[in-house]
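[1] Everything below, folded, please.
(chains A, B, C and D)
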There are 4 protein chains.
Amino acid sequence: MTSPAPRFAGVVPPTVTPLTDQGEVDVTSLERLVERLLDAGVDGIFALGSSGETVFLTDRQRDRALEVIVKTVGGAVPVLAGCIEPTTRRVLDRAEASTRLGADGLVATAPFYAIVGPHEIERHFRSLAAGVELPLLAYDIPVCVHSKLSTDLLTRLAAEGILAGVKDSSGDDVAFRQLALSIAEHAPDTDFSLLTGHEVVVDAMMLAGAAGSVPGLGNVDPAGYVRLHRACTGGDWAAARREQDRLTRLFRIVDAADPATSAGATRGVGAFKTALNLLGVIASNAVSLPLRPLDAEEAARVRTQLELAGLL
Amino acid sequence: MTSPAPRFAGVVPPTVTPLTDQGEVDVTSLERLVERLLDAGVDGIFALGSSGETVFLTDRQRDRALEVIVKTVGGAVPVLAGCIEPTTRRVLDRAEASTRLGADGLVATAPFYAIVGPHEIERHFRSLAAGVELPLLAYDIPVCVHSKLSTDLLTRLAAEGILAGVKDSSGDDVAFRQLALSIAEHAPDTDFSLLTGHEVVVDAMMLAGAAGSVPGLGNVDPAGYVRLHRACTGGDWAAARREQDRLTRLFRIVDAADPATSAGATRGVGAFKTALNLLGVIASNAVSLPLRPLDAEEAARVRTQLELAGLL
Amino acid sequence: MTSPAPRFAGVVPPTVTPLTDQGEVDVTSLERLVERLLDAGVDGIFALGSSGETVFLTDRQRDRALEVIVKTVGGAVPVLAGCIEPTTRRVLDRAEASTRLGADGLVATAPFYAIVGPHEIERHFRSLAAGVELPLLAYDIPVCVHSKLSTDLLTRLAAEGILAGVKDSSGDDVAFRQLALSIAEHAPDTDFSLLTGHEVVVDAMMLAGAAGSVPGLGNVDPAGYVRLHRACTGGDWAAARREQDRLTRLFRIVDAADPATSAGATRGVGAFKTALNLLGVIASNAVSLPLRPLDAEEAARVRTQLELAGLL
Amino acid sequence: MTSPAPRFAGVVPPTVTPLTDQGEVDVTSLERLVERLLDAGVDGIFALGSSGETVFLTDRQRDRALEVIVKTVGGAVPVLAGCIEPTTRRVLDRAEASTRLGADGLVATAPFYAIVGPHEIERHFRSLAAGVELPLLAYDIPVCVHSKLSTDLLTRLAAEGILAGVKDSSGDDVAFRQLALSIAEHAPDTDFSLLTGHEVVVDAMMLAGAAGSVPGLGNVDPAGYVRLHRACTGGDWAAARREQDRLTRLFRIVDAADPATSAGATRGVGAFKTALNLLGVIASNAVSLPLRPLDAEEAARVRTQLELAGLL
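    Have a look, this model is predicted:
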């Protein structure tokens, strides 16, 4: 019953990657973003995740972004590096670069584009773990890779020490709860980290057994997520719920972009960047092609939500 | 801020429909099942839902089951009646029968089989509400009907008084949280009932704003769900979590059937019925074709879980 | 190598069910529709399929429509009756009614709404075949039932004489070709009927091994489909292709309804009925709730296509 | 009515990328493979497509494979180069490398992993076309990228000269036929190339309007596909159908791998490579992680099919 504390826990925002209008990494803005997260008291940084536009960046840009993040963090908290590529060898190449650049942990999804099944997925994670020295976390994100990591697989890989944790962006609360119980039963002696990637249900997932969260919206309001996490770990669920409700409302910035001319990533990362720009944290709300940045009218809607949330 | 109390709240188990080995409704077993639920203190009964094998029953059988339930309940708690048919007119026919037989509320899904879009779905619910006198709840169950009811639609229909509530079996915790907030903001003066259909995350969904639950597993352990609900409404979230964890483990009875020769409904309703049979509540674990009943070896696995949960 | 001729072959239009503005079966219009099909030389009639709005009709309406069709056909060609219900027993009830009313064959889909897997699907078709006397055809329509019938299953059931044919509305040309070969190899002594349900690729599917077609658009232009079928069976593929191209353009009537306010069934059956109304065959383009009939502006677009196709 | 001939037409096999047991490109085997294709009379080569394991290869490996192919082809037929990356800039980087290495055309999919909608997809192809000098073909492969390119979008981009063609791997014969007609009507003055990627229905798709095929199985039996193509263009559809039937049976090599331990890409590219190895064309059936090569028992099944098809 006295399992080790999870290695990665608390609030671990997945940083956006600020871009100049020429499409290059905006180093000054990125430094400012990371410093603001640290000032707010976050417990870790997840670099080069989906919010970080990783699959839009060249390897050179990815390296640059990670380098800046690691240097700015300066060891204050752990840095997880997303290694998001369709197949094993390409992930391993990113893992090698990330390790060289000073990451503290690596995060990989199931294969994508390639048509695979459970055996290929398991072989993927086993091969990755065998080829890296850093802790490896699985990134469960069916909306992007179009397969769900099963409770059985994750439990088995946790118990064997293949995986050090999971970032759950599956939106599947039933599976999340079952995973939390399964890990507690079958991998009790590990420091496996169960992190939710859904910023609007952190309180509920903490109650269900999460060790922390990887909230994209944490780029915008890191202090709110730190308060929320502390309320959860302190057992003050009523306070947690109030803070969560406020943040869930703030999340409506992802509805700011006109749905007739935008989808998914444009609406999400586009809104986060626009909010950060309005907050004076990053210099531009530029996003990568084929996304488009939010326009002035859409930005005004983001501003309204920031005001309602007390951030502006 | 003082919204009316939801009309339907608390623990509202969706009753299974016990069958004789000849495939007819087993009235004695059904009476015993309902009496046991009432004894446990449940707050309502949901007749003829998915757990009730509604889409497997003839209209005659449906009428018989509802009649027995209404009579056994005797007004002690409200009885919701599922009216699960692919299209509007057929649902209305079931609504009429259910009203005649004494139901207190009606539950309908989006159209299924028929290929429809948002306009047809909205027209469906508006037409239903216009044609019935009883309160109408929407049953959001994408895994069966293959469309998700949007937060916008549900909020609009709630605010207009078209819908009296929703049973959420979408497994989409993000949408659930957003719906809870949206209803609170846009339909504050209604007694709209937000009920979760996922028995393994009731604590988390109550924290997120649910008024109650419709737990299939509540057929098997109604007293557990009543304790869980009281812990939630009493603010004792640590106790709620412990009870939920126990029930989530008990839910593993749905893994008892051999996955190589069974799927979905066989594994779920088949396990619930087998458990109820082992508990002495219903006389047979018979299910409707094309499902198959659990065999002796599978039943032994159910028994083990019942023992672990302290029910046997 | 001299397999028996398929029992059901050629052009077998799935009749729409004309409705009065009060939503009842319009008998006179239905008689006129069927007579026009027979005059055009069709080889069979498929009553109560998806185009027939079967899942929108009450059992009484279904009986009435089938009765009228059987009587009007008067034995001139075989009448297939759709028995479209979610589960086994309910399908069997429809099968019994259809048999009593004089159908020559029965058509059933995989279970829907109910969550099932391959074993339940196979048990479904086996149980159906065991319970009926008429030939049973499988209706493979994943877009409605959300599962695809596998080549293996269909071949096995064909070889055993469980199934007398399949109506393929899967849109999966790869699987269709593989099924055609598989049936030829493993069920060569049967009169299994492989019918395509896709009206815009009949030539290609005939080349790939179909015995005939069940074209919804055949309600509108039966003579065109008869010419197309004869060109295919006569080996004049260039003529077949020209006729098919004309019919494929005519199929654009399904784009007449405004996509911003309509979907699926509204656009398809709504357009067929509007065309038949414009052609003077049926008295109203009324459709069942929650569908809506095409409006005047949309009907004008249908008229344009009918004129381009030389039907008006 | 005298549209220009499509720029890319006929049989354009998507070459596998032979690997050494160390996972590097096996140059000698690749040369032998390409020479065999040319000897068989193919009309083009598609390098670095899905069959080429492109998403498994590093950029260095991709460059090497393309270099070898271009050099071996020596201008005899056009070489299309797959530029398969999740987002615009990364595709453009591959386009630049492919152009430098001597490709004659470029092939790109819709974005993947990134969550996008129709506007982002259209912006993607427009941005790509604006950034490259070579002809650009769209690769419509929903099973990998999880979105389908619409007939409207493809027609519009064809008419504007943005796209020079499409490789259709959607398996959607209805959409394919509609696209063929739409291109003929709205982009008649272009040399747009409509190629089917489905090796088991080439005859049917040629009848429906394709200019040629990109058959993965063409790696194994290029001469068969050349015969099939000539029969189609010569109007001998009966001969085409016989050849297609033989090839469709040969395609069963993709069923050789044990389905209990393999899926998708393992079964497809694994079988093609095993067949080529058995035919003495490539030195090893090695595939990239996380795929696995077919084992001896599975290879024996491939051998049987090769014998039945008259290739061994």
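[2] and the closest residue in space to A:Phe176 that isn't next to it in sequence, how many neighbours does it have?
    Leaving aside its chain neighbours, A:Phe176 sits nearest to A:Asp168 (5.6 Å; criterion: Cβ to Cβ, 6 or more residues apart in numbering or on different chains). C-betas here are computed from N, CA, C, even on glycine. Neighbourhood size, A:Asp168 [other Cβ atoms under 10 Å in any protein chain shown]: 27.
[3] Next: the one 5 residues further on.
    Applying the criterion other Cβ under 10 Å, we find 29 residues in the vicinity of A:Asp173.
[4] where does the closest residue to it other than its chain neighbours fall, phi/psi-wise?
    Leaving out its chain neighbours, the residue that sits closest to A:Asp173 by Cβ to Cβ, 6+ apart is B:Asp173, at 3.8 Å. The phi and psi torsions at B:Asp173 (degrees, to the nearest 10) take the values phi -70, psi -30.
[5] Go ahead and confirm B:Asp173 touches A:Val202.
    No. In this structure B:Asp173 lies outside contact range of A:Val202 using Cβ atoms under 8 Å: 10.7 Å.
[6] From chain B, how far out is A:Leu279?
    For A:Leu279, the distance to chain B equals 23 Å [Cβ to the nearest Cβ, to the nearest Å].
[7] oh sorry, the question was meant for A:Pro135
    Distance from A:Pro135 to chain B, by Cβ to the nearest Cβ: 27 Å.
[8] which residues does the closest residue in space to that residue that isn't next to it in sequence contact?
    In this structure, A:Pro135 finds its nearest non-sequential neighbour in A:Ala164, 3.5 Å apart by Cβ to Cβ, 6+ apart. By Cβ atoms under 8 Å, 6 or more residues apart in numbering or on different chains, A:Ala164 lies in contact with A:7-8, A:105, A:135-137, A:190-193.
[9] If we use 7 Å, what do you get?
    Neighbouring residues of A:Ala164 by Cβ atoms under 7 Å, 6 or more residues apart in numbering or on different chains: A:7, A:105, A:135-137, A:192-193.
[10] Kindly report the same for A:Leu291.
    Contacts of A:Leu291 by Cβ under 7 Å, 6+ apart are A:265-266, A:270, D:120.
[11] so can I have JSON lines of those showing secondary structure?
    As requested, these are exported to JSON lines (DSSP: H, G, I helix; E, B strand; the rest coil):
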{"residue": "A:Ala265", "secondary structure": "helix"}
{"residue": "A:Thr266", "secondary structure": "helix"}
{"residue": "A:Gly270", "secondary structure": "helix"}
{"residue": "D:Glu120", "secondary structure": "helix"}
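[12] wait, which of the residues you listed is closest to chain B?
    A:Ala265 (16.4 Å; Cβ to the nearest Cβ).
[13] wouldn't that closest one be in contact with D:Val116 here?
    Yes. Distance between A:Ala265 and D:Val116: 6.3 Å, which falls inside the contact criterion (Cβ atoms under 7 Å).
[14] ok and the residue in the stretch 151-300 of chain A nearest chain C?
    Using Cβ to the nearest Cβ, the closest approach of the stretch 151-300 of chain A to chain C is made by A:Ala260 at 10.2 Å.
[15] so that residue sits in a helix?
    No. Using three-state DSSP, the assignment for A:Ala260 is coil, not a helix.
[16] one step back: the residue nearest to A:Asp173: what's it in contact with?
    A:171, A:173, A:198, A:201, A:204.
[17] how about a cut-off of 10 Å?
    With contact taken as Cβ atoms under 10 Å, 6 or more residues apart in numbering or on different chains, B:Asp173 is in contact with A:170-174, A:176-177, A:196, A:198, A:200-201, A:204-205, A:208, B:196, B:198, B:201, B:204-205, B:208.
[18] same question, A:Asp93
    Per Cβ under 10 Å, 6+ apart, neighbours of A:Asp93: A:59, A:83, A:85, A:131, D:58-60.
[19] hmm, the helix or strand harbouring A:Arg242 touching chain B?
    A:Arg242 belongs to helix A:237-250 when assigned by DSSP states H and E. Yes. Contact of helix A:237-250 with chain B (Cβ under 10 Å from any Cβ of the partner chain) involves A:237-238, A:240-241, A:244-246, A:248-249.
[20] any idea which of those residues has the most stuff around it?
    Most surrounded of the residues of helix A:237-250 next to chain B: other Cβ under 10 Å gives A:Gln244, at 27 neighbours.
[21] so when I look at A:Leu276, I'm seeing a helix, right?
    Yes. Judged by three-state DSSP, A:Leu276 forms part of a helix.
[22] Excluding sequence neighbours, find me the nearest residue to it.
    Using Cβ to Cβ, 6+ apart and skipping the chain neighbours, the partner closest in space to A:Leu276 is A:Ile282 (4.5 Å).
[23] burial measure for the one you found, as a count.
    Around A:Ile282 there are 26 residues (other Cβ under 10 Å).
[24] Tell me the secondary structure at it.
    Per three-state DSSP, A:Ile282 ends up coil.
[25] The residue of the stretch 151-300 of chain A closest to chain C: what's it in contact with?
    With Cβ under 10 Å, 6+ apart, A:Ala260 has these contacts: D:117, D:119.
[26] Could you check the pLDDT of it?
    pLDDT recorded at A:Ala260 is 93.
[27] From D:Pro111, how far out is it?
    19 Å (Cβ to Cβ, to the nearest Å).
[28] follow-up on the earlier one: in this structure the residue nearest to A:Leu276 contacts A:Asp21, no?
    No. A:Ile282 is not in contact with A:Asp21 according to Cβ atoms under 10 Å; the separation is 12.0 Å.
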